[in-house]
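>>> mind looking at a prediction? Sequence and model below.
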Amino acid sequence: MAEPVYTREGVREAARDLAEEGFTVVPAHPIEKRPIVKWQPWQTAEPPEGQQEYWLNSANYANNNYAIITGKQIVVVDADSEDAVKFVRENLTYTPRRVTTSKGKHFYYQVDPNYPVRNGVNPDLRIDLRGQGGCVIAPGSIHESGHVYTRDDDPDVDVWWGSLPKLNAADLRKIKSFNEPAPGPVDTGLSFNVKEAGEAEGNRNHQAAAEAGRLFRQGLSTDAVLEQVLQWNTYNSPPLDRDEVERTVNSIAQTHARNSAAEQREAREAQAEAAEAQKVALEPKPFVLGDASKIPPREWVYGRHYIRKFLSVTVAPGGTGKTAITLAEAVAMATGRSIMGIETPERRVWVWNLEDPLEELQRRIAGIAQHYGITQDDLGDRLLVNSGRDEPLIIAEQAGGANVLTPAADALTHHIKAMNVDVVIVDPFVSSHHLSENDNKAIDMVVKRWAQVANDANCSIELVHHVRKGNGMQEATVSDARGASALVDAARHVRRLQRMTAEEARNAGIDEDQFWRYSREGDSKDNLAPPSGDSTWRQMVSVELPNGDSVGVSEPWSWPDVFSDLNRNDLEAVQRRVASSEWRENPRAKDWVGIAVGEALNLDTNDTYNKAKIRQLLKVWIENGALRVVDKPDKHRKMRAFVVVGRWFTEGEIDE
C-alpha cells in the first residue's frame with residue numbers, strides 16, 4: 001500500500017503518476033469535491049498537448065487537490081461508510097485497486113465499452129457510482145479534515161487500470177438494492193430499512209454540525225442551510241428535535257461568520273502588507289553616476305548579434321538562407337572557428353529547429369562540416385540539435401479560452417543550466433507557441449518568457465522569424481516582421497536578411513540568374529551603407545554529400561574589389577586622359593569624367609557593371625587626392641563642378 005502524502009507537492013506528485021498512467025487528471029477544489037477548471041470537454045476527448053502538464057506544474061494550482069475524469073478508463077464505486085465498504089467487499093466483483101477516503105473507500109473498475117455506467121447524481125447514497133459524465137477525487141489529495149486519499153492496493157498484484165475487472169449488471173442491481181432496500185430480506189442476505197440510512201443516537205449533533213458547515217462553505221444562506229439540515233435530519237434514528245437542529249445551525253452560522261470575518265480581516269491585512277511592500281519596491285531610486293569603467297560590459301557571445309541574457313531576432317523572407325546562416329553560425333561557435341568571418345571562442349550551442357526533421361538537419365550540418373573540413377573532434381560535445389518533429393517545443397498555448405504558459409520553458413532552463421549552454425537558436429519562433437501571432441499581448445507574453453529563459457539560464461536566445469508576405473525584397477525592414485510588433489520590440493538586437501537585388505547583381509558582375517544566392521544583413525534601422533561597403537554579405541553554395549544529396553551551405557562573400565585588376569600604370573593613364581580635356585563630376589553630364597576613365601581603361605560606360613565600377617574608382621581617387629573636384633564656370637559661364645588631376649602619380653606614391 002502506498003504511503004500517505006501530506007504535502008501539497010506530494011498531492012501534485014501523486015497526480016503526475018496518475019497522468020503518466022493515462023488518466024485525465026484535472027485540478028480540484030482544496031475543500032469542495034469538484035474540479036475548478038473547465039473539464040467537461042475532456043470527458044470524451046483528450047486535453048490539448050501540454051494542458052495536463054500545465055495543470056500539474058503551474059503555481060496557479062499549487063494548493064489544489066486533483067480529480068480523475070471517470071467513464072474513460074475507469075468506473076469508481078464510492079462506498080461512504082463502513083457498512084457500505086463491507087457490502088462492496090462481500091457482494092460485488094472483487095477489485096485489487098482501492099483508495100481509502102475520509103469515510104470509506106473508492107473501488108476502481110475498468111470501463112466496459114459494451115456496458116457504459118453513468119455517473120451518480122445523488123450525494124445522499126451510501127454507495128455511489130462515478131462513471132460517464134463524472135469524476136472522482138484522486139489519491140494523494142487531502143480532505144478538509146486532513147485525511148489523505150490513500151491507495152489501498154493489493155500487494156504483488158497488477159493494478160494497472162487496463163488489468164482491472166469490470167462491473168456487470170448484477171453488481172449494479174446489488175448496489176441499487178443496498179441504496180433502496182425493500183422491506184424484507186434481499187438476495188444479499190442483509191436486511192435494511194430507510195431509517196438505517198441516517199445517523200444513530202450519539203453521532204447526530206456532530207454530523208449535523210458537519211453538514212451545516214459543508215453547506216455554509218458552499219455559500220448558502222442560513223435559511224437554506226437550515227432547510228437542508230432539517231431534511232437530512234429526517235433520516236436519523238431518531239431525528240433530532242427541530243430546536244436542537246436550529247441551535248446547531250445557528251451556532252455553525254456564527255462560527256462561519258466569525259471565520260469569514262477573520263479570513264476577510266487577514267486578507268485585508270495581507271493586501272495592506274503587499275501594498276506597503278510594493279510601495280517600498282517602487283520608490284524612486286537616486287541615480288549615482290559612479291565609475292563607468294566598473295560597469296559590467298555587455299557580454300557579446302558571437303559578433304554583435306548574439307548577447308548573453310538577452311533575446312536576438314533574425315527577420316528574413318523565405319529563400320534568404322536564414323536557416324543555413326544560423327546553422328553555420330552554430331557550427332562556427334561550437335568549433336571556435338571563424339568560418340563565417342567572425343572570430344569566436346568555443347561555445348556550446350543548442351539548435352531547436354521546429355520545422356525540419358532530424359534527418360534534414362543532419363544533411364545540412366554534414367554539408368557545413370564537409371565544406372569547411374570540420375570533424376566530430378572539432379565539434380566535441382558542444383553542438384546540440386533537436387527537431388520539433390520529434391518533440392514539439394511549445395512554451396505557450398490556449399487553454400479554456402485563455403493564453404497560458406506551459407512548463408516547457410522551465411524544463412528548457414533546467415537543461416540549459418545543467419549543460420552550460422551559451423546559445424539557444426529557435427527556428428522558427430512562430431512554431432514555439434500556439435497563440436495568435438497578431439495578438440500583441442499574447443506575443444508579448446511569449447517573448448518575455450523567452451527573455452526570462454535567457455536571463456535565468458545566462459545564455460543568448462536567438463529567435464528566427466519571417467517577414468510579412470510581399471515584403472521579401474531589400475526595402476523590407478524589421479518593422480515588417482510578420483505578426484505582432486512585440487517580438488522585435490523585446491529583442492536586444494534585431495537583424496534582417498535581405499536578398500541581393502537584380503541591380504546589385506549587375507553592379508557586382510553576377511549573372512542575374514544567380515543573384516538569389518546572395519544576401520546581406522541590416523540592423524534595426526535602415527541600412528544606409530552602399531552594398532559594396534557592407535561586410536555582412538553571404539552566399540549559398542551547393543555541397544554534394546556522399547549519399548548523393550545536395551545541400552545549401554552559407555559562406556561569407558565580399559563585394560568585388562574594383563582595384564583587383566588595375567595597376568599603377570592604369571592610374572597614370574586615367575590622369576593623363578582627365579588632364580587632356582574638361583570633365584564634369586555629374587554622371588548625367590555628357591562630358592562626365594567617368595567617360596575619360598572608361599576610355600583610359602578600355603571599359604564600356606554603357607555597361608551597368610562597368611559604370612558602377614568607375615564610380616567606385618572615382619570615389620577612391622578623389623578621396624586619396626589623385627583626382628580632385630573644383631568649381632569653375634563652364635562655357636556658358638555657369639559654375640559647375642569639374643574633376644581635374646590632383647597629385648600626379650609620377651610625383652609620388654598614391655594610396656589606392
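Structure received.

>>> point out where the stretch 101-250 of the chain drops to low pLDDT.
Segments of the stretch 101-250 of the chain classed as low confidence (criterion: pLDDT under 70) are 121-124, 181-203.

>>> can you map out the helices along it?
Ranges of helices within the stretch 101-250 of the chain are 169-179, 204-217, 222-233, 242-281, based on DSSP state H, counting those that start in this stretch.

>>> now the shortest one: buried residues?
Of the residues in helix 169-179, D171, K174, I175, S177, F178, N179 count as buried by neighbour count, 16 or more other C-beta atoms under 10 Å. Where you see a C-beta, it was placed from the backbone N, CA and C, and this is true even at glycine.

>>> relative to the whole chain's centre, how far out is it?
Taking C-alpha atoms, centre = their mean, to the nearest Å, one finds helix 169-179 lying 50 Å from the centre of the chain it belongs to.

>>> what's near enough to touch G10?
G140 (C-beta atoms under 8 Å, 6 or more residues apart in numbering).

>>> just name the shakiest helix or strand of this protein by mean pLDDT.
Of all the helices and strands that make up the chain, helix 486-490 has the lowest average by mean pLDDT, DSSP states H and E, namely a mean of 73.

>>> please export the C-alpha coordinates of that helix as CSV.
Presented in CSV, the C-alpha positions along helix 486-490 are these (Å, rounded to 0.1, in the frame of the first residue of the first chain):
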residue,chain,number,x,y,z
ALA,A,486,6.1,42.8,-29.5
LEU,A,487,8.7,40.3,-30.8
VAL,A,488,11.1,42.9,-32.3
ASP,A,489,10.3,45.4,-29.5
ALA,A,490,11.5,42.9,-26.9
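
>>> who are the packing partners of it?
With contacts defined as 3 or more C-beta pairs under 8 Å, 6 or more residues apart in numbering; DSSP states H and E, helix 486-490 has these neighbours: strand 311-316, helix 440-457.

>>> okay, which residue is most central for this structure?
Taking C-alpha atoms, centre = their mean, the centroid of the chain lies closest to I395, which sits 1.9 Å from it.

>>> OK, contacts around it?
Each residue near I395 by C-beta under 8 Å, 6+ apart is listed here: L405, T406, A408, A409, L412, S432, H433, V446, R449, W450.

>>> A209 versus K33, what's the distance?
Remark: distance between K33 and A209 (C-beta to C-beta, to the nearest Å) = 19 Å.

>>> about what we covered before: next structured bit after the least confident helix or strand of the chain?
Beyond helix 486-490 in the direction of the C-terminus, DSSP states H and E gives the next helix or strand as strand 493-499.

>>> please point out which parts of the helix or strand just after that following strand sit buried.
Using DSSP H and E, the next helix or strand after strand 493-499 towards the C-terminus is helix 502-507. Neighbour-count burial for helix 502-507, with 16+ other C-beta under 10 Å as criterion, is recorded at E504, A505, R506, N507.

>>> report the backbone C-alpha coordinates of helix 502-507 in PDB.
What follows is helix 502-507 as a C-alpha-only set of coordinates in PDB (Å, rounded to 0.1, in the frame of the first residue of the first chain):
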ATOM      1  CA  ALA A 502      19.000  42.400 -59.700                       C
ATOM      2  CA  GLU A 503      20.600  45.800 -59.900                       C
ATOM      3  CA  GLU A 504      23.100  45.000 -57.200                       C
ATOM      4  CA  ALA A 505      23.900  41.700 -59.100                       C
ATOM      5  CA  ARG A 506      24.600  43.700 -62.200                       C
ATOM      6  CA  ASN A 507      26.800  46.100 -60.300                       C
END
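
>>> please work out the average pLDDT along that helix.
Within the predicted structure, the mean pLDDT of helix 502-507 is 76.

>>> so which elements touch it?
Helix 502-507 makes packing contacts with helix 608-624 when contacts are defined by 3+ C-beta pairs under 8 Å, 6+ apart.

>>> packing partners for the helix it packs on?
Packing partners of helix 608-624 (3+ C-beta pairs under 8 Å, 6+ apart): helix 502-507, helix 568-579, helix 593-601, strand 627-633.

>>> please identify the most buried of those.
helix 593-601 (a mean of 21; mean count of other C-beta atoms under 10 Å).

>>> for it, packing partners?
helix 568-579, strand 583-584, helix 608-624.

>>> quick one on the thing from earlier: would you turn the helices of the stretch 101-250 of the chain into CSV with distance to Q370?
As requested, the helices of the stretch 101-250 of the chain are arranged in CSV below (distance: least, C-beta to C-beta, whole Å):
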stretch, distance to Q370
helix 169-179, 69
helix 204-217, 70
helix 222-233, 79
helix 242-281, 55
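
>>> low-confidence stretches in this structure?
Across the chain (using pLDDT under 70), the flagged ranges come out as 1-7, 121-124, 181-203, 468-484, 512, 522-534, 651-656.

>>> tell me which element D377 falls in.
When elements are defined using DSSP H and E, D377 is found to belong to helix 376-379.

>>> that helix: how far from the chain's middle?
How far helix 376-379 lies from its chain's middle: 31 Å, per C-alpha atoms, centre = their mean.

>>> just the C-alphas of the helix or strand following that helix, formatted as CSV.
On the C-terminal side of helix 376-379, the nearest following helix or strand under DSSP H and E is strand 383-387. Output of strand 383-387 as CSV, limited to C-alpha atoms (Å, rounded to 0.1, in the frame of the first residue of the first chain):
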residue,chain,number,x,y,z
LEU,A,383,26.7,21.3,-30.7
LEU,A,384,23.2,20.1,-29.5
VAL,A,385,20.4,19.6,-32.0
ASN,A,386,16.7,18.9,-31.5
SER,A,387,13.9,18.7,-34.0
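
>>> give me the next element, helix or strand, following strand 383-387.
Towards the C-terminus, the helix or strand next in line after strand 383-387, according to DSSP H and E, is strand 396-399.

>>> that next one: partners in the sheet, and parallel or antiparallel?
Here the strand partners of strand 396-399, with direction, are listed using DSSP bridges: strand 402-405 (antiparallel).
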